[in-house]
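# Provided below for reference: sequence and predicted model.
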Amino acid sequence: MLSESLNPRDLFELCLAENERRMAGYDARLLRPCLVPTLARFALRFMKPMRRNGTPDGKPT
């Protein structure tokens, strides 16, 4: 996946998934980063899904 060009939405989703994977190994009682993951999830709400060719879904090419 890293050899492909990533659009911003895919990058945010990849980073959030990696954050969840890495944080899963720690005790849940420990303080965890929350500001940046929360901001990333909020930003994803406003990002349109993209096709692999870089055009927004639902738009004719």
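Everything's here; your move. Quantities reported herein were computed from a predicted structural model and do not represent experimental measurements.
# Please name the residues that touch the residue most central in space within the chain.
Among the residues of the chain, residue 13 comes closest to the average C-alpha position under Cα atoms, centre = their mean, at 1.7 Å. Taking Cβ atoms under 8 Å, 6 or more residues apart in numbering, we find residue 13 in contact with residue 44. (Glycine included, C-beta is placed from N, CA and C.)
# Roughly how far does it sit from residue 22?
Distance of residue 13 to residue 22, computed by Cβ to Cβ, to the nearest Å: 15 Å.
# which residues of the protein fall in helices?
8-23, 35-44 (DSSP state H).
# Pipe those helices into JSON lines and attach distance to residue 50 and mean pLDDT per row.
Shown next, in JSON lines, are those (distance: least, Cβ to Cβ, whole Å; pLDDT from 0 to 100):
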{"stretch": "helix 8-23", "distance to residue 50": "6", "mean pLDDT": "95"}
{"stretch": "helix 35-44", "distance to residue 50": "12", "mean pLDDT": "96"}
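# In CSV: these, plus distance to residue 29.
Shown next, in CSV, are these (distance: least, Cβ to Cβ, whole Å):
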stretch, distance to residue 29
helix 8-23, 12
helix 35-44, 18
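# any idea how far residue 16 lies from residue 41?
7 Å.
# Of these two, which one has the most company?
Legend: neighbour count by other Cβ atoms under 10 Å for residue 16 and residue 41, higher for residue 16 (15 against 12).
# check contacts around the more buried one.
Here residue 16 is in contact with 37, 40, 41, 44 (Cβ under 8 Å, 6+ apart).
# and what of residue 24?
By Cβ under 8 Å, 6+ apart, residue 24 lies in contact with nothing.
# Need the pLDDT of it.
For residue 24, the pLDDT comes out at 94.
# Also residue 53?
62.
# for the one 3 residues further on, same thing?
Per-residue pLDDT puts residue 56 at 65.
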